[in-house]
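**Student:** quick one, what's the 3D model for this:
(one chain, ligands or ions: 1)
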Amino acid sequence: MSGLFERLRGELEAMQGQGVYKRLVHLDSPQAAVVKIEESGGEVINLCSNNYLGLCNTPAVVEAGRAAYEKYGAGTSSVRFICGTFTLHRQLEEKIAEFLGLESALTYVSCWNANTGLMPTFLEEEDALISDELNHASIIDGVRMTKAQRKVYKHSDMKELEQALKDTAGARHRFVITDGVFSMEGDICRLPEILELAEKHDATVAIDDSHATGVLGATGRGTPEHFGLHGQVPVVTSTLGKALGGAAGGFTAGPEALTDYLTQRSRPMLFSNALPPATAAHSLAAVRYLDEHPQLVQKLRQNTAYFRENLQEAGFKPIPGETPIVPIIIGETAEAIRMSQMLLEDGVFVIGFGYPVVPQGTARIRCQISAAHETEHLDAVLDAMKKVGAKLGIV
Ligand SMILES: Cc1ncc(COP(=O)(O)O)c(C=O)c1O
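**Tutor:** Numbering: from 1, shown residues only. Sure, this is the predicted structure:
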(Lines give C-alpha, C1' and ligand atoms only; values in the text may rest on other atoms or scores of the structure.)
Protein backbone atom coordinates (compact mmCIF):
# COMPACT_ATOMS: atom_id res chain seq x y z
CA MET A 1 0.00 0.00 0.00
CA SER A 2 1.33 3.48 -0.80
CA GLY A 3 2.26 5.82 2.03
CA LEU A 4 -0.88 7.85 1.44
CA PHE A 5 -3.30 4.99 1.91
CA GLU A 6 -1.31 3.59 4.83
CA ARG A 7 -1.67 6.95 6.55
CA LEU A 8 -5.42 7.01 5.89
CA ARG A 9 -5.80 3.44 7.20
CA GLY A 10 -3.89 4.42 10.34
CA GLU A 11 -6.10 7.46 10.95
CA LEU A 12 -9.24 5.37 10.41
CA GLU A 13 -8.01 2.83 12.96
CA ALA A 14 -7.31 5.65 15.40
CA MET A 15 -10.89 6.92 14.94
CA GLN A 16 -12.18 3.44 15.69
CA GLY A 17 -9.98 3.23 18.78
CA GLN A 18 -11.33 6.58 20.02
CA GLY A 19 -14.94 5.54 19.41
CA VAL A 20 -15.52 8.41 16.94
CA TYR A 21 -15.69 6.34 13.75
CA LYS A 22 -19.01 6.78 11.93
CA ARG A 23 -20.66 3.59 10.76
CA LEU A 24 -23.23 3.97 8.00
CA VAL A 25 -26.62 2.53 8.82
CA HIS A 26 -28.44 1.05 5.84
CA LEU A 27 -32.18 1.58 5.59
CA ASP A 28 -34.15 -1.07 3.81
CA SER A 29 -37.41 0.85 3.57
CA PRO A 30 -38.52 4.37 2.57
CA GLN A 31 -37.94 7.35 4.85
CA ALA A 32 -40.90 7.43 7.25
CA ALA A 33 -41.71 7.59 10.97
CA VAL A 34 -40.63 3.94 11.25
CA VAL A 35 -37.82 2.52 9.10
CA LYS A 36 -36.29 -0.90 8.62
CA ILE A 37 -32.59 -1.17 9.33
CA GLU A 38 -30.65 -3.65 7.23
CA GLU A 39 -28.01 -4.41 9.89
CA SER A 40 -30.49 -5.45 12.58
CA GLY A 41 -33.29 -6.50 10.26
CA GLY A 42 -35.67 -4.72 12.62
CA GLU A 43 -37.91 -1.67 12.58
CA VAL A 44 -37.00 1.44 14.52
CA ILE A 45 -38.52 4.88 15.02
CA ASN A 46 -36.73 7.38 12.84
CA LEU A 47 -35.69 10.47 14.76
CA CYS A 48 -32.90 11.75 12.54
CA SER A 49 -34.37 12.41 9.12
CA ASN A 50 -34.96 15.79 7.49
CA ASN A 51 -38.24 14.34 6.21
CA TYR A 52 -39.98 17.10 8.16
CA LEU A 53 -43.35 16.83 6.45
CA GLY A 54 -43.30 13.11 5.69
CA LEU A 55 -43.37 13.81 1.95
CA CYS A 56 -40.56 11.36 1.04
CA ASN A 57 -43.09 8.58 0.90
CA THR A 58 -46.30 10.44 0.11
CA PRO A 59 -48.01 8.71 -2.86
CA ALA A 60 -48.68 11.94 -4.84
CA VAL A 61 -44.97 12.84 -4.61
CA VAL A 62 -43.65 9.38 -5.47
CA GLU A 63 -46.12 8.97 -8.32
CA ALA A 64 -45.05 12.28 -9.89
CA GLY A 65 -41.49 10.94 -10.10
CA ARG A 66 -42.65 7.70 -11.68
CA ALA A 67 -44.64 9.60 -14.32
CA ALA A 68 -41.59 11.77 -15.08
CA TYR A 69 -39.44 8.68 -15.66
CA GLU A 70 -41.92 7.53 -18.23
CA LYS A 71 -42.18 10.88 -19.94
CA TYR A 72 -38.55 12.08 -19.77
CA GLY A 73 -36.40 8.99 -19.11
CA ALA A 74 -33.69 8.67 -16.50
CA GLY A 75 -31.62 11.80 -16.82
CA THR A 76 -30.63 14.99 -18.58
CA SER A 77 -27.31 13.63 -19.90
CA SER A 78 -26.12 17.18 -20.16
CA VAL A 79 -25.56 20.41 -18.28
CA ARG A 80 -28.38 22.95 -18.33
CA PHE A 81 -27.07 25.32 -20.99
CA ILE A 82 -26.27 22.61 -23.50
CA CYS A 83 -29.38 20.47 -23.70
CA GLY A 84 -30.04 19.57 -20.06
CA THR A 85 -33.01 21.84 -19.36
CA PHE A 86 -36.44 20.23 -19.47
CA THR A 87 -39.83 21.93 -19.39
CA LEU A 88 -40.14 20.37 -15.96
CA HIS A 89 -37.21 22.45 -14.70
CA ARG A 90 -38.96 25.64 -15.79
CA GLN A 91 -42.22 24.53 -14.13
CA LEU A 92 -40.39 23.72 -10.90
CA GLU A 93 -38.47 27.00 -10.89
CA GLU A 94 -41.64 29.04 -11.54
CA LYS A 95 -43.42 27.19 -8.73
CA ILE A 96 -40.55 27.74 -6.25
CA ALA A 97 -40.41 31.46 -7.08
CA GLU A 98 -44.17 31.80 -6.61
CA PHE A 99 -44.03 29.80 -3.34
CA LEU A 100 -41.37 32.11 -1.91
CA GLY A 101 -42.87 35.33 -3.28
CA LEU A 102 -39.69 36.07 -5.25
CA GLU A 103 -39.15 36.96 -8.89
CA SER A 104 -37.36 33.83 -10.05
CA ALA A 105 -35.54 30.66 -9.04
CA LEU A 106 -32.76 28.52 -10.44
CA THR A 107 -32.32 24.86 -9.50
CA TYR A 108 -29.11 22.87 -8.98
CA VAL A 109 -28.48 19.20 -8.17
CA SER A 110 -28.00 20.20 -4.54
CA CYS A 111 -28.15 23.16 -2.20
CA TRP A 112 -24.43 22.52 -1.73
CA ASN A 113 -24.03 23.51 -5.37
CA ALA A 114 -26.43 26.44 -5.01
CA ASN A 115 -24.36 27.84 -2.12
CA THR A 116 -20.91 27.23 -3.57
CA GLY A 117 -22.15 28.51 -6.93
CA LEU A 118 -23.54 31.74 -5.47
CA MET A 119 -21.05 34.18 -3.92
CA PRO A 120 -17.93 33.31 -5.98
CA THR A 121 -19.91 34.02 -9.15
CA PHE A 122 -20.52 37.73 -8.67
CA LEU A 123 -18.43 39.00 -5.73
CA GLU A 124 -14.92 40.21 -6.58
CA GLU A 125 -11.91 41.72 -4.80
CA GLU A 126 -13.60 45.10 -4.32
CA ASP A 127 -16.63 43.51 -2.58
CA ALA A 128 -17.15 42.20 0.97
CA LEU A 129 -18.79 38.98 2.13
CA ILE A 130 -20.05 38.71 5.71
CA SER A 131 -21.01 35.33 7.17
CA ASP A 132 -22.28 33.89 10.50
CA GLU A 133 -19.66 31.61 12.10
CA LEU A 134 -22.14 28.73 12.39
CA ASN A 135 -23.29 28.79 8.77
CA HIS A 136 -23.52 25.46 6.99
CA ALA A 137 -20.35 23.91 5.52
CA SER A 138 -21.54 24.63 1.98
CA ILE A 139 -21.72 28.35 2.77
CA ILE A 140 -18.31 28.20 4.43
CA ASP A 141 -16.85 26.59 1.30
CA GLY A 142 -18.64 29.18 -0.87
CA VAL A 143 -17.12 31.94 1.28
CA ARG A 144 -13.65 30.38 0.98
CA MET A 145 -13.97 30.24 -2.79
CA THR A 146 -14.90 33.93 -3.07
CA LYS A 147 -12.24 36.53 -3.81
CA ALA A 148 -14.04 39.31 -1.89
CA GLN A 149 -12.89 40.62 1.49
CA ARG A 150 -14.36 38.19 4.07
CA LYS A 151 -15.66 38.73 7.59
CA VAL A 152 -17.11 36.11 9.91
CA TYR A 153 -19.24 37.32 12.83
CA LYS A 154 -19.89 35.49 16.09
CA HIS A 155 -23.05 33.40 15.90
CA SER A 156 -26.12 35.67 15.69
CA ASP A 157 -24.16 38.54 17.25
CA MET A 158 -25.73 41.66 15.77
CA LYS A 159 -23.08 43.96 17.24
CA GLU A 160 -20.36 42.02 15.44
CA LEU A 161 -22.42 42.01 12.25
CA GLU A 162 -22.82 45.77 12.40
CA GLN A 163 -19.11 46.19 13.09
CA ALA A 164 -18.31 44.03 10.04
CA LEU A 165 -20.63 46.22 7.96
CA LYS A 166 -18.88 49.35 9.23
CA ASP A 167 -15.43 47.86 8.65
CA THR A 168 -16.28 47.14 5.03
CA ALA A 169 -17.85 50.52 4.29
CA GLY A 170 -15.56 51.11 1.32
CA ALA A 171 -16.56 47.94 -0.52
CA ARG A 172 -18.44 48.11 -3.83
CA HIS A 173 -21.05 45.57 -2.63
CA ARG A 174 -21.56 44.02 0.79
CA PHE A 175 -23.26 40.65 0.93
CA VAL A 176 -24.47 39.12 4.21
CA ILE A 177 -25.24 35.41 4.30
CA THR A 178 -26.81 33.36 7.09
CA ASP A 179 -28.58 30.09 7.65
CA GLY A 180 -32.31 30.64 8.26
CA VAL A 181 -32.35 27.79 10.79
CA PHE A 182 -28.94 26.63 12.00
CA SER A 183 -28.68 22.93 11.37
CA MET A 184 -26.72 21.86 14.43
CA GLU A 185 -28.31 24.23 16.98
CA GLY A 186 -31.85 24.37 15.67
CA ASP A 187 -32.07 28.11 16.36
CA ILE A 188 -33.51 30.71 13.97
CA CYS A 189 -31.42 33.59 12.61
CA ARG A 190 -32.29 37.11 13.78
CA LEU A 191 -33.74 37.99 10.41
CA PRO A 192 -35.55 41.28 11.16
CA GLU A 193 -32.40 42.76 12.72
CA ILE A 194 -30.18 41.43 9.93
CA LEU A 195 -32.44 43.01 7.30
CA GLU A 196 -32.55 46.26 9.21
CA LEU A 197 -28.76 46.44 9.51
CA ALA A 198 -28.36 45.55 5.85
CA GLU A 199 -30.75 48.32 4.87
CA LYS A 200 -28.92 50.82 7.07
CA HIS A 201 -25.54 49.87 5.57
CA ASP A 202 -26.71 49.26 2.01
CA ALA A 203 -25.88 45.54 1.99
CA THR A 204 -27.67 42.58 0.34
CA VAL A 205 -28.92 39.69 2.47
CA ALA A 206 -29.07 36.01 1.50
CA ILE A 207 -30.42 33.22 3.67
CA ASP A 208 -30.00 29.47 3.33
CA ASP A 209 -33.42 28.21 4.37
CA SER A 210 -32.70 24.48 3.98
CA HIS A 211 -34.03 23.61 7.45
CA ALA A 212 -36.86 26.17 7.30
CA THR A 213 -38.47 25.59 3.90
CA GLY A 214 -41.61 23.58 4.56
CA VAL A 215 -41.00 23.98 8.29
CA LEU A 216 -41.30 27.58 9.47
CA GLY A 217 -44.17 30.01 8.92
CA ALA A 218 -47.88 29.17 8.93
CA THR A 219 -47.68 27.66 5.44
CA GLY A 220 -44.08 26.43 5.45
CA ARG A 221 -42.65 29.25 3.37
CA GLY A 222 -39.71 29.47 5.72
CA THR A 223 -37.88 31.96 7.92
CA PRO A 224 -39.19 35.07 6.12
CA GLU A 225 -42.79 33.92 6.63
CA HIS A 226 -42.03 33.08 10.28
CA PHE A 227 -41.12 36.73 10.87
CA GLY A 228 -43.90 38.22 8.70
CA LEU A 229 -41.31 39.06 6.04
CA HIS A 230 -42.48 36.78 3.24
CA GLY A 231 -40.87 37.75 -0.06
CA GLN A 232 -38.70 40.41 1.58
CA VAL A 233 -35.33 38.64 1.76
CA PRO A 234 -33.59 39.43 -1.52
CA VAL A 235 -31.86 36.04 -1.97
CA VAL A 236 -32.98 32.65 -0.65
CA THR A 237 -31.16 29.37 -1.19
CA SER A 238 -32.63 26.09 -0.02
CA THR A 239 -32.67 22.36 -0.55
CA LEU A 240 -35.18 20.04 -2.14
CA GLY A 241 -33.56 17.19 -0.22
CA LYS A 242 -35.27 17.75 3.12
CA ALA A 243 -38.92 18.79 3.66
CA LEU A 244 -39.78 19.15 -0.03
CA GLY A 245 -39.84 15.46 -0.96
CA GLY A 246 -36.32 14.68 0.18
CA ALA A 247 -35.04 13.39 -3.16
CA ALA A 248 -32.21 15.84 -3.86
CA GLY A 249 -31.65 19.25 -5.39
CA GLY A 250 -31.38 22.83 -4.33
CA PHE A 251 -32.07 26.28 -5.61
CA THR A 252 -31.29 29.96 -5.47
CA ALA A 253 -34.28 32.30 -5.61
CA GLY A 254 -34.26 36.06 -6.00
CA PRO A 255 -34.34 38.82 -8.61
CA GLU A 256 -34.21 37.70 -12.23
CA ALA A 257 -31.00 39.68 -12.71
CA LEU A 258 -29.38 37.33 -10.20
CA THR A 259 -30.70 33.99 -11.47
CA ASP A 260 -30.03 35.02 -15.07
CA TYR A 261 -26.45 35.98 -14.14
CA LEU A 262 -26.01 32.65 -12.31
CA THR A 263 -27.29 30.86 -15.41
CA GLN A 264 -24.55 32.56 -17.40
CA ARG A 265 -21.69 32.26 -14.93
CA SER A 266 -22.28 29.97 -11.93
CA ARG A 267 -19.80 27.09 -12.22
CA PRO A 268 -22.00 24.23 -10.88
CA MET A 269 -24.63 25.43 -13.36
CA LEU A 270 -22.22 25.52 -16.30
CA PHE A 271 -20.22 22.39 -15.56
CA SER A 272 -22.54 19.92 -13.82
CA ASN A 273 -25.69 18.11 -14.88
CA ALA A 274 -29.19 19.36 -14.13
CA LEU A 275 -31.57 17.78 -11.63
CA PRO A 276 -32.76 14.41 -12.96
CA PRO A 277 -36.33 14.78 -14.27
CA ALA A 278 -37.85 12.39 -11.73
CA THR A 279 -36.22 14.38 -8.93
CA ALA A 280 -37.52 17.65 -10.37
CA ALA A 281 -40.98 16.08 -10.59
CA HIS A 282 -40.91 14.83 -6.97
CA SER A 283 -39.95 18.31 -5.85
CA LEU A 284 -42.61 20.06 -7.90
CA ALA A 285 -45.24 17.65 -6.58
CA ALA A 286 -44.00 18.24 -3.02
CA VAL A 287 -44.33 22.04 -3.27
CA ARG A 288 -47.81 21.68 -4.76
CA TYR A 289 -48.77 19.17 -2.06
CA LEU A 290 -47.59 21.52 0.66
CA ASP A 291 -49.57 24.36 -0.91
CA GLU A 292 -52.70 22.20 -0.67
CA HIS A 293 -51.94 20.73 2.79
CA PRO A 294 -50.62 23.51 5.06
CA GLN A 295 -52.01 21.48 7.99
CA LEU A 296 -48.86 19.34 7.73
CA VAL A 297 -46.86 22.31 8.99
CA GLN A 298 -49.25 22.65 11.93
CA LYS A 299 -48.84 18.97 12.77
CA LEU A 300 -45.05 19.32 12.64
CA ARG A 301 -45.31 22.28 15.00
CA GLN A 302 -47.57 20.39 17.44
CA ASN A 303 -45.29 17.33 17.39
CA THR A 304 -42.26 19.52 18.04
CA ALA A 305 -43.89 21.32 20.98
CA TYR A 306 -45.03 17.98 22.47
CA PHE A 307 -41.57 16.42 22.16
CA ARG A 308 -39.66 19.43 23.48
CA GLU A 309 -41.99 19.79 26.49
CA ASN A 310 -41.88 16.13 27.46
CA LEU A 311 -38.13 15.87 26.93
CA GLN A 312 -37.61 18.71 29.38
CA GLU A 313 -40.04 17.16 31.85
CA ALA A 314 -37.97 13.98 31.67
CA GLY A 315 -34.94 15.98 32.83
CA PHE A 316 -33.11 16.53 29.54
CA LYS A 317 -31.86 19.99 28.65
CA PRO A 318 -32.19 20.36 24.88
CA ILE A 319 -30.92 23.57 23.30
CA PRO A 320 -34.02 25.79 23.72
CA GLY A 321 -35.93 26.73 20.62
CA GLU A 322 -39.05 26.13 18.59
CA THR A 323 -37.80 24.29 15.50
CA PRO A 324 -38.02 20.52 14.94
CA ILE A 325 -34.22 20.27 15.33
CA VAL A 326 -33.83 19.36 19.00
CA PRO A 327 -30.15 18.92 19.97
CA ILE A 328 -29.05 17.60 23.36
CA ILE A 329 -25.42 18.45 24.13
CA ILE A 330 -23.53 15.43 25.48
CA GLY A 331 -19.95 16.71 25.33
CA GLU A 332 -17.51 14.09 24.07
CA THR A 333 -17.99 12.62 20.59
CA ALA A 334 -17.51 9.01 21.75
CA GLU A 335 -20.21 9.49 24.41
CA ALA A 336 -22.71 10.91 21.90
CA ILE A 337 -22.04 8.02 19.52
CA ARG A 338 -22.43 5.55 22.42
CA MET A 339 -25.78 7.08 23.36
CA SER A 340 -27.03 6.84 19.78
CA GLN A 341 -25.96 3.17 19.64
CA MET A 342 -27.80 2.42 22.89
CA LEU A 343 -30.91 4.18 21.58
CA LEU A 344 -30.75 2.18 18.36
CA GLU A 345 -30.69 -1.01 20.42
CA ASP A 346 -33.82 0.33 22.12
CA GLY A 347 -35.60 0.94 18.82
CA VAL A 348 -34.80 4.62 18.23
CA PHE A 349 -32.68 5.76 15.31
CA VAL A 350 -30.99 9.06 16.20
CA ILE A 351 -27.49 10.19 15.37
CA GLY A 352 -24.73 11.49 17.61
CA PHE A 353 -22.78 14.36 16.02
CA GLY A 354 -19.23 15.12 17.02
CA TYR A 355 -16.11 16.86 15.77
CA PRO A 356 -15.54 17.96 12.97
CA VAL A 357 -19.28 18.42 12.26
CA VAL A 358 -19.60 20.43 15.50
CA PRO A 359 -16.84 22.05 17.64
CA GLN A 360 -14.80 19.82 19.99
CA GLY A 361 -16.49 19.20 23.34
CA THR A 362 -20.00 19.99 22.05
CA ALA A 363 -20.94 16.58 20.64
CA ARG A 364 -24.64 16.07 20.65
CA ILE A 365 -27.60 13.89 19.93
CA ARG A 366 -29.69 15.70 17.32
CA CYS A 367 -33.35 14.71 17.41
CA GLN A 368 -35.46 15.71 14.42
CA ILE A 369 -39.22 15.71 14.54
CA SER A 370 -41.50 15.08 11.58
CA ALA A 371 -45.17 15.52 10.77
CA ALA A 372 -45.00 11.80 9.94
CA HIS A 373 -44.64 10.99 13.66
CA GLU A 374 -47.72 10.11 15.68
CA THR A 375 -47.92 10.69 19.44
CA GLU A 376 -47.26 7.01 20.13
CA HIS A 377 -43.96 7.22 18.20
CA LEU A 378 -42.88 10.23 20.24
CA ASP A 379 -43.95 8.57 23.51
CA ALA A 380 -41.90 5.46 22.65
CA VAL A 381 -38.89 7.66 21.88
CA LEU A 382 -39.29 9.52 25.17
CA ASP A 383 -39.42 6.22 27.11
CA ALA A 384 -36.24 4.99 25.42
CA MET A 385 -34.49 8.32 26.00
CA LYS A 386 -35.36 8.25 29.71
CA LYS A 387 -34.02 4.70 30.03
CA VAL A 388 -30.77 5.37 28.15
CA GLY A 389 -30.33 8.81 29.74
CA ALA A 390 -30.58 7.24 33.21
CA LYS A 391 -28.05 4.50 32.32
CA LEU A 392 -25.59 7.14 31.13
CA GLY A 393 -26.23 9.41 34.11
CA ILE A 394 -27.55 12.26 31.93
CA VAL A 395 -30.95 12.44 33.68
C1 LIG B 1 -28.23 24.59 6.00
C2 LIG B 1 -27.90 23.62 4.91
N3 LIG B 1 -27.54 24.10 3.71
C4 LIG B 1 -27.24 23.29 2.69
C5 LIG B 1 -27.28 21.93 2.83
C6 LIG B 1 -26.92 21.06 1.66
O7 LIG B 1 -28.09 20.63 1.04
P8 LIG B 1 -28.03 19.54 -0.10
O9 LIG B 1 -28.14 18.21 0.55
O10 LIG B 1 -29.19 19.87 -0.99
O11 LIG B 1 -26.73 19.73 -0.81
C12 LIG B 1 -27.66 21.37 4.04
C13 LIG B 1 -27.70 19.90 4.20
O14 LIG B 1 -27.33 19.32 5.17
C15 LIG B 1 -27.97 22.24 5.12
O16 LIG B 1 -28.31 21.75 6.31
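
**Student:** count of residues packed around T362?
**Tutor:** 18 (other Cβ atoms under 10 Å). Using the backbone N, CA and C atoms, a C-beta is placed for each residue, glycine as well.

**Student:** what's the answer for L382, then?
**Tutor:** Using other Cβ under 10 Å, L382 has 18 other residues around it.

**Student:** contacts only, for it.
**Tutor:** 307, 310-311, 314 (Cβ atoms under 8 Å, 6 or more residues apart in numbering).

**Student:** can stretch 105-124 be found next to the ligand?
**Tutor:** Yes. Using Cβ under 6 Å from any ligand atom, stretch 105-124 comes into contact with the ligand via 110-112, 115.

**Student:** just stretch 89-101 next, same as before
**Tutor:** No. Figure legend: stretch 89-101 not in contact with the ligand (Cβ under 6 Å from any ligand atom); closest approach 13.5 Å.

**Student:** so what's the gap between that stretch and the chain middle?
**Tutor:** Mean-position distance between stretch 89-101 and its chain equals 19 Å (Cα atoms, centre = their mean, to the nearest Å).

**Student:** now rank the residues of stretch 105-124 next to the ligand by neighbours and give me the top one.
**Tutor:** That'd be N115 among these, by other Cβ under 10 Å, with 29 neighbours.

**Student:** ok, for it, nearest residue in space, not its chain neighbours?
**Tutor:** S138 (4.0 Å; Cβ to Cβ, 6 or more residues apart in numbering).

**Student:** what separates the one you found from M145, distance-wise?
**Tutor:** The spacing between S138 and M145, counted by Cβ to Cβ, to the nearest Å, is 11 Å.

**Student:** what touches both of those two?
**Tutor:** With Cβ under 8 Å, 6+ apart as the test, S138 and M145 both reach T116.

**Student:** how about the residues of the stretch 101-250 of the chain near the ligand?
**Tutor:** Residues of the stretch 101-250 of the chain lying near the ligand (Cβ under 6 Å from any ligand atom): 110-112, 115, 136, 138, 179, 183, 208, 210-211, 239, 241, 250.

**Student:** list the buried ones in stretch 209-218?
**Tutor:** Neighbour counts over stretch 209-218 (16 or more other Cβ atoms under 10 Å) mark 209-217 as buried.

**Student:** quick one: which two of those are the most distant?
**Tutor:** S210 and G217 (14.6 Å; Cβ to Cβ).

**Student:** show me where the stretch 1-150 of the chain has its helices.
**Tutor:** 3-18, 59-72, 87-100, 111-116, 119-122, 137-144 (DSSP state H, counting those that start in this stretch).

**Student:** and which of the buried residues of stretch 209-218 is nearest to L344?
**Tutor:** H211 (23.3 Å).

**Student:** which stretches of the chain have low pLDDT?
**Tutor:** Within the chain, the ranges that satisfy pLDDT under 70 run 1.

**Student:** longest single helix anywhere in it?
**Tutor:** helix 295-313 (DSSP state H).

**Student:** ok now the helix or strand just after that helix, how far from the chain's centre?
**Tutor:** Remark: after helix 295-313, the chain's next helix or strand is strand 325-331, criterion DSSP states H and E. With Cα atoms, centre = their mean as the basis, strand 325-331 stands 17 Å off its chain's centre.

**Student:** so what strands line up beside strand 325-331?
**Tutor:** Its sheet considered, strand 325-331 pairs with strand 363-368 (antiparallel) by DSSP bridges.

**Student:** relative to helix 295-313, how tilted is the partner strand?
**Tutor:** 140 degrees (axes from the mean of the first three to the mean of the last three Cα atoms, to 10 degrees).

**Student:** deepest-packed of the helices of the stretch 1-150 of the chain, please.
**Tutor:** The highest mean neighbour count among these, using mean count of other Cβ atoms under 10 Å, belongs to helix 111-116: a mean of 26.
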